[in-house]
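# pasting a predicted model and its sequence here:
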Amino acid sequence: MRLIQFSKKLLFVPVAAGALLCSCMEATEGESEKNTLTVDPESSFTYNINGNVNFFDSTEQEDSEYDEKEFKNEITIQFNEDAAPTIEYNGLEDEVTITPYVDKGPAHLIIRAEKKVNYILKGTSKSGSLLIFSEKKFKLTLDNLNLSNDSGLPAICSQTKKRCFIETKGIATIKDAEGDGNYFLGSAYEKVEIGEEIEYYDAKGAIFSEGELIFCGDENSTLNIEGRNKHAIVSDQYVRVKSGKINITKAKKDGIHTNDAVLIHGGELNISGIEVSQGGAPRKFNGIQCEKGYIVIKGGKINITSPGVGIYASKEEFNKSDIMTEKSFIYIAGGEINIQTDDLKGHGISSKSHLIISGDAKIDIAAEGDDAKGIETDGNEDYAVEAEYERGDIVLAGGTVNIFSKNSVVDPSGKLNIVGGTLNAIGGSCFSRDKVEKGSKPCGIADFDKAMRAGEEITVAGNKISTLRADLTTAKVVLINDTLKAGDEVEVTVGSQTAKAKVE
C-alpha cells in the first residue's frame with residue numbers, strides 16, 4: 001500500500017480495491033481506515049470502497065440557509081430610470097444611510113448599514129448601481145429589477161466580507177459598464193469619489209462581493225446577467241447557486257469566477273457569450289473558474305458554451321516539501337451538465353488536483369479545439385520529484401459521462417480510478433492502460449486508424465450511442481459500464497469502420 005503525504009497532515013491512499021481511503025491524522029498504522037480527507041478546517045469529503053462520496057461543508061448549514069426573521073428589516077428602493085430612486089426606509093434611517101455617488105448621477109447609490117437588512121430592489125435604470133458596506137450579512141431581493149449603468153462601474157458591488165443572499169423574483173436583468181475587454185492593458189472600473197476623497201474599490205464583475213454570494217429564486221424566476229467589463233459573477237470567497245434560473249449571456253472574462261469555492265446545488269445555470277481578450281496574444285476565458293479552491297456540483301442544470309475551459313479548478317502552486325499546499329479539486333455528485341468549448345485548449349472539465357464524478361451526475365462534453373481534452377487533471381510536472389508522490393487523480397464512481405474531444409477524452413496526471421458509473425467517449429486519444437489504478441473495474445478501448453467524418457453514427461454492440469461531432473484523423477473510443485467484463489471484446493462502429501474494444 002502506498003502512502004502519499006499531503007500538506008496539513010493529509011494522506012491520500014490508493015488501495016487495490018480501487019478506493020481512495022483518506023485520513024486527516026498522522027501516518028500511523030490503521031489510521032488510513034478513517035476514510036476522511038480534510039480539505040480545510042471546516043470542509044472535508046469522504047470516499048469509500050463502494051464509490052459513495054459524501055462532501056461535508058460547514059457552509060451547508062451555517063451559510064446558505066437563513067430564517068426570514070433575520071431579514072425582517074426591509075428597505076425598498078424603486079429605481080426610476082435616471083432620476084433619483086424612491087427609497088422607503090421603514091424606520092431604519094438612523095441605522096442605514098443611502099446616498100448617491102458624487103458626480104455619478106442620482107441612481108448610483110452607496111449603502112452603509114449596521115443591521116441585517118433585506119433590500120427590495122425594483123424598477124429600471126440604465127445608469128444606476130449599488131455599492132454596499134454592511135457590518136452584517138444582508139439580502140438583495142431583485143423584484144423584476146432592470147439595472148445597468150454607463151458610468152464605468154459594476155452594477156452590484158459588495159465591499160463587505162459578510163454573506164450576501166440574492167433572491168430573484170420574476171425576471172431581473174443586471175449589466176455593468178462597458179469595458180474594452182483588454183486583459184493585457186487592464187480594463188478597469190473607474191475610481192469612486194466619496195466626499196472629498198477618491199478611492200478605488202476592488203470590483204471584478206457585474207455582480208461582485210468581497211464575501212460569499214448565495215443565489216436563490218423560485219422555479220419561475222430568471223436572473224439575466226451581462227458582464228460587459230470583466231467577469232459576470234465574481235466573489236473573493238465563494239459563490240453558491242441554490243435555486244432559480246441564471247442566464248449569463250455576456251462576459252468579458254469568466255462567467256463565474258471565485259477564489260475559494262463554487263457550490264451548485266440546484267437551479268438552472270446557462271453561461272454563454274464569453275469573449276476573447278483583444279490585447280496582445282488573445283486569452284480565452286472560462287465558463288466557471290475557481291482560482292484557489294474547489295468546485296462542488298450536487299444538482300441543478302448547467303449549460304456552458306465557452307472558448308476556454310468549461311469548468312476549471314485552477315490552483316497550481318505547491319512546493320516540493322509540502323507537495324500540495326492548496327485544496328483545489330472538483331467533485332460532481334449530481335446535476336445535468338452540458339459543456340461545449342471551441343478553443344485550441346478549451347478542455348471540458350479541468351482540475352489542478354483531483355476530479356471525482358459520482359452519484360447520478362449526467363455530463364455531456366464536446367471539446368472541439370484541436371488540443372482540447374474532455375476531462376483532465378493537470379498537475380505540474382515538478383510535483384513528481386519522487387515516484388511515490390502523485391496528484392491529480394480522476395475518479396469515476398458513478399454518473400453517466402459522454403465525451404467528444406479532438407485530443408484526449410480522459411487524461412489524468414495521476415491515476416484513473418474506476419469504481420462505477422458509465423462513460424462513452426470518442427476522441428483523438430485517451431489515457432494509457434498503466435494510468436488505470438490497480439483494482440479498478442475494467443474498461444474497453446477501441447482503436448480507429450483511419451479518418452472519420454462529422455455526422456457519422458457511433459454504435460456499440462449494434463446500439464447507436466451518438467453522432468460524431470467533428471472530423472477526426474484517428475480515434476479512440478473508451479467504454480466504461482457495469483456490464484463490461486475483463487476479456488470481453490465489444491464491437492464498435494463509426495460510420496463504415498468497425499473495431500473491437502478490448503476490455504481489460
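Thanks, I have the structure now. Residues are numbered from 1 along each chain as shown.
# domain parsing for the chain?
The chain resolves into domains spanning 4-62, 71-375+402-414 when parsed by automatic domain parsing.
# per-stretch mean pLDDT over those, give me the minimum one.
Of all the domains of the chain, mean pLDDT reaches its minimum on domain 4-62 (a mean of 35).
# could I get the full set of helices for the stretch 1-150 of the chain?
Using DSSP state H, counting those that start in this stretch, the helices of the stretch 1-150 of the chain run over 59-62.
# strands of that one, residue ranges please.
Counting by DSSP state E, counting those that start in this stretch, the stretch 1-150 of the chain has strands at residues 4-6, 10-14, 20-23, 36-40, 43-47, 53-57, 74-80, 83-88, 96-100, 108-113, 118-125, 129-134, 138-143, 146-147.
# quick one on the thing from earlier: between the domains of the chain, which gets nearest to residue 441?
In terms of CB to CB, the element of the domains of the chain nearest to residue 441 is domain 4-62, at 6.9 Å. The C-beta positions use only the backbone N, C-alpha and C, and glycine is treated the same way.
# list the contacts of residue 442.
418, 484, 485, 486, 488, 503, 504 (CB atoms under 8 Å, 6 or more residues apart in numbering).
# now it: closest residue in space that isn't a chain neighbour?
residue 486 (4.5 Å; CB to CB, 6 or more residues apart in numbering).
# do the same with residue 374
For residue 374, the spatially nearest residue (CB to CB, 6+ apart) is residue 403, at 3.6 Å.
# neighbours of that neighbour, how many?
Residues near residue 403, counting by other CB atoms under 10 Å, number 26.
# roughly how far apart are it and residue 242?
According to CB to CB, to the nearest Å, residue 403 stands 28 Å off from residue 242.
# backbone phi and psi for the closest residue to residue 492 other than its chain neighbours, please?
Distances taken as CB to CB, 6+ apart put residue 446 closest to residue 492, at 4.2 Å, once the chain neighbours are dropped. With angles defined as degrees, to the nearest 10, residue 446 sits at phi -110, psi 140.
# just the pLDDT for residue 446.
Value for residue 446, per-residue pLDDT: 96.
# hmm, residue 503 and it touching each other?
No. Between residue 446 and residue 503 there is no contact under CB atoms under 8 Å: 10.1 Å.
# neighbour count for those two, which is higher?
residue 446 (23 against 19).
# closest one of the contacts of residue 442 to residue 436?
Taking these together and measuring to residue 436 by CB to CB, the closest member is residue 418, at 6.8 Å.
# tell me, how many neighbours does that closest one end up with?
Residue 418 is flanked by 22 other residues according to other CB under 10 Å.
# mind giving me the PyMOL select for the contacts of residue 442, buried ones only?
Buried residues among the contacts of residue 442 (16 or more other CB atoms under 10 Å), as a PyMOL selection:
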select buried, resi 418+484+488+503
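# from the contacts of residue 442, which land in strands?
418, 503 (DSSP state E).
# tell me which two in the contacts of residue 442 are the farthest apart.
Taking CB to CB, no two of the contacts of residue 442 sit farther apart than 418 and 488, at 14.8 Å.
# show me the common contact partners of residue 446 and residue 503, please.
479, 490.
# wait, what's in contact with the residue positioned nearest the centre of the chain?
In the chain, the residue lying closest to the centroid (CA atoms, centre = their mean) is residue 288, at 3.9 Å. For residue 288, the contacting residues are 254, 255, 256, 262, 271, 295, 304, 310, 311, 312, by CB under 8 Å, 6+ apart.
# in TSV: those, plus secondary structure.
Converted to TSV, the contacts of residue 288 look like this (DSSP: H, G, I helix; E, B strand; the rest coil):
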residue	secondary structure
254	coil
255	coil
256	strand
262	strand
271	strand
295	strand
304	strand
310	coil
311	strand
312	strand
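# closest one to residue 493 out of those residues, please.
residue 310 (28.6 Å).
# right, and the closest one touches residue 287 too?
Yes. Taking contacts as CB under 8 Å, residue 310 lies within contact range of residue 287: 4.7 Å.
# any residues in contact with both of the two?
Shared contacts of residue 310 and residue 287 (CB under 8 Å, 6+ apart): 304, 339.
# quick check, residue 273 in contact with residue 251.
Yes. Here residue 273 reaches residue 251: they are 6.2 Å apart, a contact under CB under 8 Å.
# when those two are compared, which one has more neighbours?
A side-by-side neighbour count of residue 273 and residue 251, using other CB under 10 Å, places residue 251 first with 31 against 18.
# show me what residue 96 is bridged to.
In this entry, residue 96 is beta-bridged to residue 113, by DSSP bridges.
# contact partners for it?
With CB under 8 Å, 6+ apart, residue 96 has these contacts: 75, 89, 111, 112, 113, 114, 115, 117.
# how far away is the fourth one from residue 85?
To tie it back to what came earlier, the one meant is residue 112. 16 Å.
# looking at these two, which is more packed in?
Shown here are residue 112 and residue 85; by other CB under 10 Å, residue 85 has more neighbours (21 against 15).
# that one against residue 107, yeah?
Yes. The criterion here is CB under 8 Å, and residue 85 meets it with residue 107 at 6.0 Å.
# joint contacts of those two?
By CB under 8 Å, 6+ apart, the residues touching both residue 85 and residue 107 are 79, 125, 128.
# check which helix or strand covers the spatially closest residue to residue 430 that is not a sequence neighbour.
Nearest residue to residue 430 in three dimensions, chain neighbours excluded: residue 476, at 4.6 Å (CB to CB, 6+ apart). Using DSSP states H and E, residue 476 maps to strand 475-480.
# residues in contact with that strand?
Here strand 475-480 has contacts from 396, 409-410, 418, 421-430, 441, 443-448, 452, 458, 460, 490, 492, 494, 499, 501, 503, using CB under 8 Å, 6+ apart.
# list the buried residues in the next helix or strand after it.
Remark: after strand 475-480, the chain's next helix or strand is strand 489-494, criterion DSSP H and E. Residues 490, 492, 493, 494 are the ones in strand 489-494 that count as buried (16+ other CB under 10 Å).
# distance to residue 138 added to those residues, as JSON lines?
Formatted as JSON lines, these follow (distance: CB to CB, whole Å):
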{"residue": "490", "distance to residue 138": "57"}
{"residue": "492", "distance to residue 138": "56"}
{"residue": "493", "distance to residue 138": "58"}
{"residue": "494", "distance to residue 138": "55"}
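# farthest-apart pair in those residues, please.
Of all the pairs that these form, the one spanning the most space (CB to CB) is 490 and 494, at 13.4 Å.
# any chance of JSON lines for the shared contacts of residue 85 and residue 107, columns distance to residue 224?
JSON lines is the format used below for those (distance: CB to CB, whole Å):
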{"residue": "79", "distance to residue 224": "16"}
{"residue": "125", "distance to residue 224": "15"}
{"residue": "128", "distance to residue 224": "16"}
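# any of those residues buried? List them.
Neighbour-count burial (16+ other CB under 10 Å) is assigned, among these, to 79, 125, 128.
# ok, the second one to residue 406 distance?
Relative to residue 406, residue 125 is positioned 45 Å away (criterion: CB to CB).
# who wins on neighbours among the contacts of residue 96?
That'd be residue 117 among these, by other CB under 10 Å, with 26 neighbours.
# now for that one: which residues touch it?
Contacts of residue 117 were listed using CB under 8 Å, 6+ apart, and they are 71, 73, 74, 75, 92, 96, 134, 136, 138, 139.
# which ChimeraX command selects the buried ones in those?
Listed next is the ChimeraX selection for buried residues among the contacts of residue 117, using 16+ other CB under 10 Å:
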select :71,73,75,92,96,134,138,139
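# now the contacts of residue 117 as TSV including distance to residue 361?
Below are the contacts of residue 117 laid out as TSV (distance: CB to CB, whole Å):
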residue	distance to residue 361
71	34
73	40
74	39
75	41
92	44
96	43
134	36
136	36
138	33
139	31
